[in-house]
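> For reference, the sequence and a predicted model appear below.
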Amino acid sequence: MNGQIMETIVLVAPPSDVLVQRDMYSSTISKGHYNWPNTDLLACSGILRDHFNVIMIDAMTEKLSPSDTVDMIASHNPKGIVVAVGMSVRTEDYNFIRALKSKMPDAKIVGSGGILYHSPKSEMEELPELDACLLSFVTEDIRKYFQSELEGIENLVYRDGDQVVETAKTYPQHGYGYGVPMHKQLPLKKYQLSHGYSTPMASVLTSFGCPATCSFCVSGSINYRYRDPDNVIAELDELNRLGVKQVYFRDNVFLATRKKGIELMEKMVERNYGFKWLAEMRADALDEGTVPLMKATGCYAVHMGVESANQETLDRYEKRIQLDQYKKATKLARENGIRTIGYFIIGLPGETREDVLRTIDWALELDVDYASFNTPLPIVGTKLRDEALEQGWLTSEEASYDGSQTTVLKTDELSPEEVAELRALAYRKFYARPKLIVRNILGIRTFFQMRMLAIEGWSMVGRILGFANN
Ligand code: SF4
């Protein structure tokens, strides 16, 4: 940049004693030793890299202490700091922001995360050390803010003297893009998924938001936009160059736009990358036209939100999918050698004990390779939360749920204790099956998979025998 010294912006995933995923406007404490790179910060790095000296720090993964992290950031004398904030660890993250501000009063501190997206003003009132909340991590607004181009700025709530200025919440255009995110600054070998393939691992976004509107999910409140496939390919080329062995497409729904997804995968086939990938997908995107192409591009697994065995429940929560589509999707995936990971919700309001038992049987009948049984979380920004508040189902007014272990709804049909007991039953019935154990052992292809199976297997024994509850 004309020999000019660029100012520094630090992008940081805060330190934490527990593994917590803070991105895509939600956060959960890792219940299966999983940990992936923060996608919000990566997108910001791509947007900022041509204008600033960008430093990325994943303090949690690097196991840095809060004071060491603050000192490390201060040593860069940053103009600004973007902090990933998680609802599950809100208190810790806010304390970290206070410590940053105390050490670097002149640095502008911007937060990105679910609670800041949905309640920016009230959160900023509680946390005067926070200078701004970022409402879209894929637009140019973060660059404009740090370059003080405030006229016409959007997607930020920021302080101006004593005032908190709210700007319009907008979405990027379809076909948006940004510079190649700075993956190489992250400890890619330290990221892992319990059903992962290998390391180094990177996370990539090919879209923003979700076109569906499932009322228990926070992603349904963020309008869907796809990213330019060529822009994604530039990032994948870089990851291939870096020797990444596994890519986790972190889209809320990968292949939500069939045409663009196929265009992207056709370009991937041409490049014949050396990595495998997995993604979250809806069952209705898995068909004869997509699954073989997914396999040809290195897909080894898909995550699917199955939720419930009851069509009435799926309809009530606006899932807009039919049960038989799950049957078809899991069968097709298996025939093509792609593993399936099903996500189920135990005890959505309106569901009885019998309904939940049917859901557990459904997990067995679909024969997914892994199942994750979760409890409904009335997260800020979901219709489920509004309904829970209205109906008095909340056992706590707390907004910062730990997505993996919390049972907070007392519905007309089930108490939190019954939901917890049914969840434990689901894990016992699903995982204590010799057929599944043998299949998972025979499915091992890498040393990494063997290691993770041993770790996860031990956790599962604990869960089944009752000495571990996560
Ligand atoms: S559950 Fe899946 S499909 Fe539904 S809104 Fe959330 S991300 Fe989208």
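Received the coordinates, thanks. Numbering: from 1, shown residues only.

> Please name the strands paired to the strand ranked longest in the chain in the sheet, noting orientation.
The single longest strand within the chain, with elements called by DSSP state E, is strand 299-307. Note on strand 299-307: by DSSP bridges, its sheet partners are strand 276-281 (parallel), strand 339-345 (parallel).

> okay, these in TSV with mean pLDDT, mean neighbour count and distance to the ligand next?
(Glycine included, C-beta is placed from N, CA and C.) Below are those laid out as TSV (pLDDT from 0 to 100; neighbours: other CB atoms under 10 Å; distance: least, CB to the nearest ligand atom, whole Å):
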stretch	mean pLDDT	mean neighbour count	distance to the ligand
strand 276-281	98	23	7
strand 339-345	96	22	8
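
> Using a markdown table, please lay out those strands together with distance to residue 204.
As requested, the strands paired with strand 299-307 are arranged in a markdown table below (distance: least, CB to CB, whole Å):
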| stretch | distance to residue 204 |
| --- | --- |
| strand 276-281 | 8 |
| strand 339-345 | 18 |
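
> wait, which of the ones you listed is closest to residue 352?
Residue 352 sits nearest to strand 339-345 of all these, at 14.1 Å, using CB to CB.

> Grab the nearest non-local neighbour of the residue in the stretch 51-200 of the chain that the ligand sits nearest to.
Across the stretch 51-200 of the chain, no residue is closer to the ligand than residue 114, which sits at 12.8 Å (CB to the nearest ligand atom). Of all residues beyond its chain neighbours, the one nearest residue 114 is residue 25 (4.1 Å), with distances taken as CB to CB, 6 or more residues apart in numbering.

> residues in contact with that neighbour?
Applying CB atoms under 8 Å, 6 or more residues apart in numbering to residue 25 gives the contacts 113, 114, 117, 118, 218, 219, 222, 381.

> now do 6 Å
For residue 25, the contacting residues are 114, 117, 218, by CB atoms under 6 Å, 6 or more residues apart in numbering.

> Mind picking the lowest-pLDDT entry from the residues you listed?
Lowest-confidence member of the contacts of residue 25: residue 218, scoring 86 (pLDDT).

> how close does it sit to residue 381?
From residue 218 over to residue 381 the distance is 5 Å, taken as CB to CB, to the nearest Å.

> What residues sit buried inside the helix or strand residue 435 falls within?
Assessed by DSSP states H and E, residue 435 sits inside helix 434-442. Residues of helix 434-442 classed as buried: 436, 440 (neighbour count, 16 or more other CB atoms under 10 Å).

> Show me what it is packed against.
Applying 3 or more CB pairs under 6 Å, 6 or more residues apart in numbering; DSSP states H and E, one finds that helix 434-442 contacts no other helix or strand.

> Just want the angle from the helix or strand following it to strand 299-307.
Next in sequence after helix 434-442, counting helices and strands by DSSP H and E, comes helix 447-465. Here the directions of helix 447-465 and strand 299-307 differ by 20 degrees (axes from the mean of the first three to the mean of the last three CA atoms, to 10 degrees).

> circling back to that earlier point, among the contacts of residue 25, which one has the most neighbours?
Taking other CB atoms under 10 Å as the neighbour criterion, residue 117 ranks highest of those with 26 neighbours.

> May I ask you to confirm that that one belongs to a helix?
Yes - applying DSSP: H, G, I helix; E, B strand; the rest coil, one finds residue 117 inside a helix.

> so who does it touch?
25, 135.

> and the residue lying closest to residue 289 once chain neighbours are set aside, what are its phi and psi?
Leaving out its chain neighbours, the residue that sits closest to residue 289 by CB to CB, 6+ apart is residue 262, at 7.4 Å. Main-chain torsions, residue 262, degrees, to the nearest 10: phi -70, psi -40.
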